[in-house]
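S.K.: only geometry, no sequence info:
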């Protein structure tokens, strides 16, 4: 159970990181036309 919980937490962290990078990419794309 503990190993499964750790794996689940790691997968969630990876998803959050991917979402964070995607949000940064979208913000940078929105900023480029303004510049």
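M.R.: Happy to help now that I have it. Computed from a prediction, not measured in an experiment: that's the story for all the values here. Residues are numbered from 1 along each chain as shown.
S.K.: buried sites along the helix or strand where residue 13 lies?
M.R.: Secondary structure assigned from DSSP states H and E places residue 13 in helix 2-34. Of the residues in helix 2-34, none has enough neighbours to count as buried (16 or more other Cβ atoms under 10 Å). Quick note: C-beta positions are derived from backbone N, CA and C, even for glycine.
S.K.: by contact count, what packs against that helix?
M.R.: If you count contacts as 3 or more Cβ pairs under 8 Å, 6 or more residues apart in numbering; DSSP states H and E, helix 2-34 packs onto no helix or strand.
S.K.: Just give me how far it sits from the chain centre.
M.R.: Centroid separation for helix 2-34 versus its chain: 0 Å, with Cα atoms, centre = their mean, to the nearest Å.
S.K.: Next: stretch 18-35.
M.R.: Counting by Cα atoms, centre = their mean, stretch 18-35 is centred 13 Å from the centre of its parent chain.
S.K.: tell me the mean pLDDT for it?
M.R.: Per-residue pLDDT over stretch 18-35 has a mean of 76.
S.K.: pLDDT score for residue 4?
M.R.: At residue 4, the model reports a pLDDT of 85.
S.K.: what about it, distance to residue 27?
M.R.: Per Cβ to Cβ, to the nearest Å, residue 4 is found 35 Å from residue 27.
S.K.: same check, this time on residue 18
M.R.: As for residue 18, its distance to residue 27 is 15 Å (criterion: Cβ to Cβ).
S.K.: what does residue 6 give?
M.R.: Using Cβ to Cβ, residue 6 is found at 32 Å from residue 27.
S.K.: One more: residue 11?
M.R.: Distance from residue 11 to residue 27, by Cβ to Cβ: 25 Å.
S.K.: before we move on, what about residue 8?
M.R.: Counting by Cβ to Cβ, the gap from residue 8 to residue 27 is 29 Å.
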